[in-house]
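> quick one, what's the 3D model for this:
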Amino acid sequence: MSKNRELFLKHLAQTTPFPVGLEIDRAEGVFLYDTDGKRYLDLIGGVAVSNIGHRHPTVVAALQKQLDKHLHVMVYGEYIQEVQVQLAHRLAAVLPENLSMVYLVNSGTEANEGAIKLAKRYTGRYEVVGFHHSYHGSTHGSLSLTGNETKKGGYRPLLPGTRFISFNDETALSKITTATAAVIIEPVQGDAGVRIPAPNYLKALRDRCNATDTLLIMDEVQTGFGRTGKRFAFEHFDVVPDIITLAKGMGGGMPIGAFISAPEIMECLTHDPMLGHITTFGGHPMSCAAALANLDVLTDELIGQVAAKGNLFKELLQHPSVREIRGIGLMLALELKDYDQVSTLFHHCLENGVIGFWFLSSNNSFRIAPPLTIDEEAIKMACTVIREGLDLLK
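Here you go, the predicted structure:
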């Protein structure tokens with residue numbers, strides 16, 4: 001056992017009894033390298049974070065430039081910092097007109113916490129509706145709206161006033177009423193194993209929210225920034241939310257998140273009480289610099305290639321052991337018989353230099369979410385390894 005592995009197990013709080021335990025030395029593009037020099041093709045991108053690959057030169061240059069200016073100078077919202085202002089301006093420019101006021105935070109779960117608070121404050125209501133098998137984060141409010149009892153059962157009581165309906169079931173939309181402050185939904189359910197809404201489902205949800213004056217929150221933490229082949233997943237469905245939450249692929253590998261809404265909605269956080277949401281490190285200058293660079297790299301041309309790359313994975317991974325391939329863009333799930341098969345495939349791939357993963361709420365599915373910059377050669381190499389692993393399954 002290496003010294004670092006020993007210290008990792010001794011001093012870093014563990015999240016499972018069996019961490020993957022790769023000792024990472026460096027990362028570049030779509031590859032990770034361990035301390036022995038072994039190269040791994042990263043098919044999960046830090047779980048939908050490294051959409052433009054690891055250490056993209058544009059991001060590194062932006063970080064170096066900001067480092068020469070300043071780091072943290074004040075809690076979010078008090079000082080005018082050019083890099084924060086420019087990021088908010090750029091985000092507003094690529095979003096619909098009603099999504100123009102940006103609150104910068106540190107992570108996806110904090111973005112969802114802020115969005116839930118905002119909806120309750122603006123509407124004066126307390127009920128929030130979520131979806132079975134959803135995932136919105138691990139802090140108490142986000143966990144309360146996560147539809148996975150295994151993950152939250154040990155932490156009750158959680159946020160009161162929450163209720164759940166089934167994804168893609170239009171008949172259940174009647175449970176959204178004039179008592180509902182907000183509905184929070186992933187436009188594509190991620191940790192449920194990439195569940196895509198039926199063609200008219202999100203429009204029906206939007207109509208029901210309009211009829212009951214309920215705010216619609218779309219959690220684009222996993223789906224945003226080109227992951228699905230559009231800049232944001234809601235663009236596939238011709239529906240615009242009242243609040244959008246972002247993180248993961250937003251920062252080019254740096255930690256950052258945001259919740260975004262209309263000025264008249266967001267304004268209510270400024271009074272009664274003032275400082276309706278507070279974050280010390282939200283919008284950290286280094287993370288904002290990286291996020292701006294990330295937007296520069298995520299061109300229409302790059303995002304336009306995502307669907308074809310996803311289709312190539314689907315084409316090459318047809319196999320008798322694969323019960324279903326679900327996917328949109330480069331957000332893919334290979335459904336197998338059970339978790340044991342997923343585990344076998346995962347370890348085979350890892351031994352052969354390819355990193356996949358699994359899902360929290362669909363443990364019989366194998367996750368594929370590589371950097372959007374992955375090329376055809378790397379996709380073919382990865383699929384060869386995966387198919388060899390599938391051949392081993394019983």
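> could you list the domains of this protein?
3-56+301-391, 58-298 (automatic domain parsing).
> pretty sure L345 contacts I386?
Yes: using C-beta atoms under 8 Å, L345 is in contact with I386, at 7.0 Å. C-beta here means a position set from N, CA and C on the backbone, and glycine is covered the same way.
> mutual contacts of the two, please.
334, 356, 366 (C-beta atoms under 8 Å, 6 or more residues apart in numbering).
> number of nearby residues for the last one?
If I follow you right, that is F366. A count of nearby residues for F366, using other C-beta atoms under 10 Å, gives 28.
> packing partners for the helix or strand it falls within?
Element membership of F366 [criterion: DSSP states H and E] is strand 365-368. For strand 365-368, the elements it packs on are strand 331-335, helix 339-351, judged by 3 or more C-beta pairs under 8 Å, 6 or more residues apart in numbering; DSSP states H and E.
> return the most buried member of the ones you listed.
Mean neighbour counts were compared across those using mean count of other C-beta atoms under 10 Å; the top stretch is strand 331-335, at a mean of 23.
> how about the contacts made by the nearest residue to H348 once chain neighbours are set aside?
Nearest residue to H348, sequence neighbours excluded (C-beta to C-beta, 6 or more residues apart in numbering): G389, at 3.6 Å. Residues in contact with G389 (C-beta under 8 Å, 6+ apart) are 344-345, 348-349, 352.
> got those as TSV, with distance to L330 and pLDDT columns?
Below are the contacts of G389 laid out as TSV (distance: C-beta to C-beta, whole Å; pLDDT from 0 to 100):
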residue	distance to L330	pLDDT
T344	24	97
L345	19	98
H348	22	98
C349	17	98
N352	21	98
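> ok, of these, which one's closest to A291?
C349 (30.6 Å; C-beta to C-beta).
> thought that closest one was touching I386?
Yes: look at C349 against I386 with C-beta under 8 Å: they come within range, at 6.2 Å.
> what is in contact with the two at once?
Joint contacts of C349 and I386 (C-beta under 8 Å, 6+ apart) are G356.
> let's verify the residue nearest to the spatial centre of the chain: helix, strand, or coil?
Geometric centre of the chain, nearest residue: Q222, 2.0 Å, by C-alpha atoms, centre = their mean. With DSSP: H, G, I helix; E, B strand; the rest coil as the basis, Q222 sits in coil.
> please apply the same query to E113.
helix.
> likewise the one 3 residues further on?
When states are read from three-state DSSP, the local structure at I116 comes out as helix.
> among the contacts of G389, which pair sits farthest apart?
Farthest pair in the contacts of G389, by C-beta to C-beta: T344 and N352, 12.7 Å.
> any idea how far F18 is from L9?
Computed as C-beta to C-beta, to the nearest Å, the L9 to F18 distance reads 11 Å.
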